[in-house]
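Chemist: kindly generate the corresponding structure for this input.
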Amino acid sequence: IPMPLGFHVFPNIGRKLVEFGFHDNPHEGRMSHVADLMLASVNAFNPLGGADNFMQMLAPTPFDPVAALMENKDWTGRQIYREQTSHLDPKPGHDMAKESANRFVVSISRGLNAATGGNDWQRGALSLNPDAMEYVFGQITGGVGRELAKAGNSVTAVATGDELAAHKIPLFGRVYGNTRGVNGQSEGFYSNLQRINVAESEAKGRYANGESVDAALASAPLSQLGTVGNQVQKRVKELGQFRNRMLKSDVPDKAEQVKLINQEIEQTMYRLNSLADEVARESTN
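Modeler: Take a look at the predicted model:
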C-alpha cells in the first residue's frame, strides 16, 4: 500500500515487534530484530534508497536488477536464485530451480540449455537459472508483469496440485507469508546445508592441523551433521525428481500424488532444519 515518505516505518515497528516476540532462530540473536528496525527507520528517509543493500543503493535505477543478481538478493533480502554448490561440478540452470519456480520458465531454461549443447545433466553454452529469469522478467515488466506471472503460477498450481509459494500469491503475496510447506522450509534448508558444509570443511582443516577430533567438532559443531546433510540433500533431490516426473504424467490422481510428495519433501527439510537448530542451541549454551 503506497504511503507518504517515512510512514511505512509504523507497520514495520509492529512486524519487528512480533518477530522479536516469536524469535525462534538460534543462529541470530533477538537484538538482530532491533537492529533491523533501526535500519528500517534510516531507510525511510534515505534519498538514495535502502541503506541495508549498499550495492543496490549506489547503482543507478536501470542497473538495480544487475546489482540484485550479483548479490543474489531482492529488495526484501530474500535469495533470488539457488547458487551452485560446486563450481567444479556445475549443474544445468534448470536443475537449480527452486521449488516455487514457474514451470513454464523452467521449460524455457531447459530448452535453451539443450539448444546450446547441454542436456539434463550437463550445462550448455546458455544455461540460465529459471528463478533469475523470472526475476528479470518481473523487473522489466513491472508490477503488472509480476502479478500476471503470479496469476499464471496460481493456475498451474491448481491444475497440477503443486504447492504455491506464499509470496507468489497474486496481490496478497506482498503482505502474506507463512513457514509451512516446502517453500516455507526450503530457504532455511539450503541455508543450513551451506552452514553445515562450511563447518565440515573447518572441522577437517582443524583436524589436519593437529587438533583433536573433539576440539575440531567443538569449534565447528554443525560439522557433525555433514553425513546427515548429504543424505537428506540426496533424498530431497530424488523426491523433487519424482515430483517432476509425476507432474509430467497423466495419472488420474496426479494432484493428490504431488501433494503427498510435497509433504514428504517438507518433512524431510524440516527434520534437517530442526537438527541444525538443536545443534546451534546446544553450542551456545
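Chemist: okay, CA-based contacts and neighbour counts for the rest of this
Modeler: Noted.
Chemist: tell me the centre residue of the chain?
Modeler: Compute the mean C-alpha point of the chain, and by C-alpha atoms, centre = their mean the closest residue is residue 187, 3.7 Å away.
Chemist: grab the nearest non-local neighbour of that one.
Modeler: Distances taken as C-alpha to C-alpha, 6 or more residues apart in numbering place residue 79 nearest to residue 187, at 8.0 Å, with adjacent residues excluded.
Chemist: for that neighbour, give me its contacts.
Modeler: Residues in contact with residue 79, defined by C-alpha atoms under 8 Å, 6 or more residues apart in numbering, are 72-73, 187.
Chemist: rerun at 10 Å
Modeler: 68-69, 71-73, 131, 187, 191 (C-alpha atoms under 10 Å, 6 or more residues apart in numbering).
Chemist: most surrounded residue in these?
Modeler: The most crowded member of these is residue 131, carrying 25 neighbours; neighbours defined as other C-alpha atoms under 10 Å.
Chemist: doesn't residue 100 make contact with that one?
Modeler: Yes - here residue 131 reaches residue 100: they are 8.6 Å apart, a contact under C-alpha atoms under 10 Å.
Chemist: can I get the contacts of residue 79 in a markdown table with secondary structure?
Modeler: Below are those laid out as a markdown table (DSSP: H, G, I helix; E, B strand; the rest coil):
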| residue | secondary structure |
| --- | --- |
| 68 | helix |
| 69 | helix |
| 71 | helix |
| 72 | coil |
| 73 | strand |
| 131 | helix |
| 187 | helix |
| 191 | helix |
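Chemist: which among these gets closest to residue 202?
Modeler: residue 191 (16.8 Å; C-alpha to C-alpha).
Chemist: quick revisit: correct me if wrong: the residue nearest to the centre of the chain contacts residue 83.
Modeler: No - counting by C-alpha under 10 Å, residue 187 does not reach residue 83; the two are 11.9 Å apart.
Chemist: so where do the helices sit in the protein?
Modeler: 9-21, 31-44, 54-58, 64-71, 103-115, 130-160, 181-208, 213-219, 226-248, 254-284 (DSSP state H).
Chemist: nearest to residue 124, out of the ones you listed?
Modeler: helix 103-115 (4.8 Å).
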